[in-house]
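A.B. asks: everything below, folded, please.
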Amino acid sequence: MAEPIAAGLKLEIVDVEYVREGGQNVLRFLIDKEGGVTLDDCEALSRLLDIELDRIDPIEHSYVLQVSSPGIERPLKKKEDYQRFSGRRACLRLYAPLEGRKVFEGTIVALQDNTVLLGTDENIVVRIPLEKVAKANLVYED
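C.D. replies: Okay, the predicted model is just below:
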């Protein structure tokens with residue numbers, strides 16, 4: 001429902017969360033665009049989403065709608081994210097150990113056949129199947 005609205009504003013939906021925080025339900029949309037997200041982008045999407053969510057009423061409980069940037073440690077959710085951010089530093093957390101580890105940090109070398117090639121600080125390229133990745137995000141570099 002939100003994708004076409006965001007696309008109309010030339011925005012990408014990075015992630016959607018429905019969580020309980022501070023005693024209230026929060027429906028959070030993380031958005032991005034080439035060149036970065038502005039406060040005006042967040043406000044524009046929030047206004048349009050609010051109208052559509054009121055119209056279709058998909059959540060029966062009361063909630064707070066939040067629209068924000070994913071930040072500098074943006075989550076990696078789609079295959080395209082790994083391709084787009086090739087050459088950038090990332091942290092991947094796995095569902096189960098691979099080579100005795102569940103957390104890998106390094107530089108995204110490529111995505112091949114649903115496998116992330118991650119160059120580690122030990123100058124080793126680790127092959128991590130996407131289905132084993134529980135959570136991944138970019139890592140801020142000074």
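
A.B. asks: how near is the most centrally placed residue in the chain to residue 85?
C.D. replies: Ranked by distance to the mean C-alpha position of the chain (Cα atoms, centre = their mean), the top residue is residue 75 at 3.3 Å. Computed as Cβ to Cβ, to the nearest Å, the residue 75 to residue 85 distance reads 11 Å. In this view, the C-beta of every residue, glycine as well, is placed from N, C-alpha and C.

A.B. asks: with residue 8 instead?
C.D. replies: Here residue 8 is placed at a distance of 25 Å from residue 85 (Cβ to Cβ).

A.B. asks: neighbour count: these two, which is higher?
C.D. replies: residue 85 (17 against 11; other Cβ atoms under 10 Å).

A.B. asks: list the contacts of the more buried one.
C.D. replies: Under the criterion of Cβ atoms under 8 Å, 6 or more residues apart in numbering, the contact list for residue 85 reads 76, 108, 138.

A.B. asks: is the nearest residue to the residue nearest to the centre of the chain once chain neighbours are set aside bridged to anything, and to what?
C.D. replies: Here the nearest residue to residue 75 in space, its sequence neighbours aside, is residue 137; by Cβ to Cβ, 6 or more residues apart in numbering that works out to 4.9 Å. In this structure, residue 137 has the following beta-bridge partners (DSSP bridges): residue 75, residue 91.

A.B. asks: show me the helices in the chain, by range?
C.D. replies: According to DSSP state H, the chain carries its helices in the segments 2-8, 39-56, 79-84.

A.B. asks: which among those is found nearest to residue 65?
C.D. replies: Nearest to residue 65 among those is helix 39-56; the distance by Cβ to Cβ comes to 5.9 Å.

A.B. asks: now do that closest one, average pLDDT.
C.D. replies: Mean pLDDT, computed over helix 39-56, is 96.

A.B. asks: for it, which outside residues touch it?
C.D. replies: 1-2, 5-6, 9, 11, 27, 29, 31, 33, 59, 65-69.
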